[in-house]
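J.: Got a predicted model here, sequence first, then my questions.
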Amino acid sequence: MIKNIKEIVIASHNEGKVKEIKSLLKPLGFKIYSAKKFEINEPVENGKTFRENSLIKSKNASLKSGIPSIADDSGLCILSLNNDPGIYSARWAGKSKNFDLAMKKIEHKMTRNQLLNKSSRKAFFCCALSIYFPNNDFRVFEGKKYGHIQFPALGKNGFGYDPIFVPNGYRKTFGEMNFDYKERISHRAIAFRKMKKFLQTYKF
């Protein structure tokens, strides 16, 4: 057990994201809650970067729950689309969170602009993972995973844009990978390893 921190709330209503963060936190011995347990609303994410949006969410959850909160803001950035959908990755899926629709939007946009050649499909996932404390202390850790997008979408093991993203050095999409394996190599895992080092020395 890491000293002085016993409980953490995950500031997300995305079940896939909550599952992944819970799995990453489990070895550290925290009692973990989701934002839903405290009936915490989803704040307006009006930041201009992943970092800013992550902090908006973790601050909101921490101050309303009274315990440390972890929030993730992440997205898919496609270089040939000026890093879109980027911080608007969730918005491309609409209010219904339909990522099948979002992936079709990307495919349509790239097809229309003749951007489906190999060099135009370069992309990366970015994750800004923040932890906010009730005493207004906070830290943000960033992780990136580079690769390319592919169509058609393949795999049902992930969530969001996982079925169209193939990380460098692999042939399978995140959506085709075993959850536990993807969890070890993802952009979120990279950010989490940085956070873990911080948590092991933090005195709350």
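T.: All right, it came through fine. Numbers count the residues shown, from 1 in each chain.
J.: what about the helices in the protein?
T.: Assigned by DSSP state H, the chain shows helices spanning 15-25, 50-65, 99-112, 179-185, 187-199.
J.: any idea which of these is most buried?
T.: With neighbours defined as mean count of other Cβ atoms under 10 Å, these peak in mean count at helix 50-65, which reaches a mean of 22. Backbone N, C-alpha and C define where each C-beta goes, glycine included.
J.: quick one, which of the helices of the chain is nearest to I87?
T.: helix 50-65 (5.9 Å; Cβ to Cβ).
J.: Next, the angle from that closest one to helix 187-199.
T.: For helix 50-65 against helix 187-199, the angle by axes from the mean of the first three to the mean of the last three Cα atoms, to 10 degrees is 60 degrees.
J.: and helix 50-65, C-alpha only, in PDB?
T.: Taking C-alpha atoms only, helix 50-65 is exported to PDB below (Å, rounded to 0.1, in the frame of the first residue of the first chain):
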ATOM      1  CA  PHE A  50      -5.200  17.200 -23.500                       C
ATOM      2  CA  ARG A  51      -3.500  18.400 -20.400                       C
ATOM      3  CA  GLU A  52      -6.000  21.200 -19.700                       C
ATOM      4  CA  ASN A  53      -9.000  18.900 -20.300                       C
ATOM      5  CA  SER A  54      -7.600  16.300 -18.000                       C
ATOM      6  CA  LEU A  55      -7.100  18.700 -15.200                       C
ATOM      7  CA  ILE A  56     -10.600  20.100 -15.600                       C
ATOM      8  CA  LYS A  57     -12.000  16.600 -15.000                       C
ATOM      9  CA  SER A  58      -9.700  15.600 -12.100                       C
ATOM     10  CA  LYS A  59     -10.100  18.800 -10.300                       C
ATOM     11  CA  ASN A  60     -13.900  18.700 -10.600                       C
ATOM     12  CA  ALA A  61     -14.000  15.100  -9.200                       C
ATOM     13  CA  SER A  62     -11.500  15.600  -6.400                       C
ATOM     14  CA  LEU A  63     -13.100  18.800  -5.000                       C
ATOM     15  CA  LYS A  64     -16.600  17.200  -5.200                       C
ATOM     16  CA  SER A  65     -15.600  13.900  -3.700                       C
END
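J.: what's next to it, contact-wise?
T.: 9-12, 33, 35, 38, 40-47, 68-75, 87, 126-134, 138, 140, 142 (Cβ atoms under 8 Å, 6 or more residues apart in numbering).
J.: Give the other helices and strands that the lowest-mean-pLDDT helix or strand in the chain contacts.
T.: None of the helices or strands of the chain scores lower by mean pLDDT, DSSP states H and E than helix 15-25, at a mean of 80. The contact analysis (3 or more Cβ pairs under 8 Å, 6 or more residues apart in numbering; DSSP states H and E) places helix 15-25 against strand 7-10, strand 31-34, strand 69-78, helix 179-185, helix 187-199.
J.: Same list (the ones you listed) but as TSV, adding distance to S58 and mean pLDDT.
T.: Listed next are these as TSV, based on distance: least, Cβ to Cβ, whole Å; pLDDT from 0 to 100:
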stretch	distance to S58	mean pLDDT
strand 7-10	9	92
strand 31-34	13	87
strand 69-78	4	95
helix 179-185	20	89
helix 187-199	11	90
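J.: For these, please prepare JSON lines with the additional fields distance to S23.
T.: Shown next, in JSON lines, are those (distance: least, Cβ to Cβ, whole Å):
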{"stretch": "strand 7-10", "distance to S23": "11"}
{"stretch": "strand 31-34", "distance to S23": "10"}
{"stretch": "strand 69-78", "distance to S23": "13"}
{"stretch": "helix 179-185", "distance to S23": "6"}
{"stretch": "helix 187-199", "distance to S23": "10"}
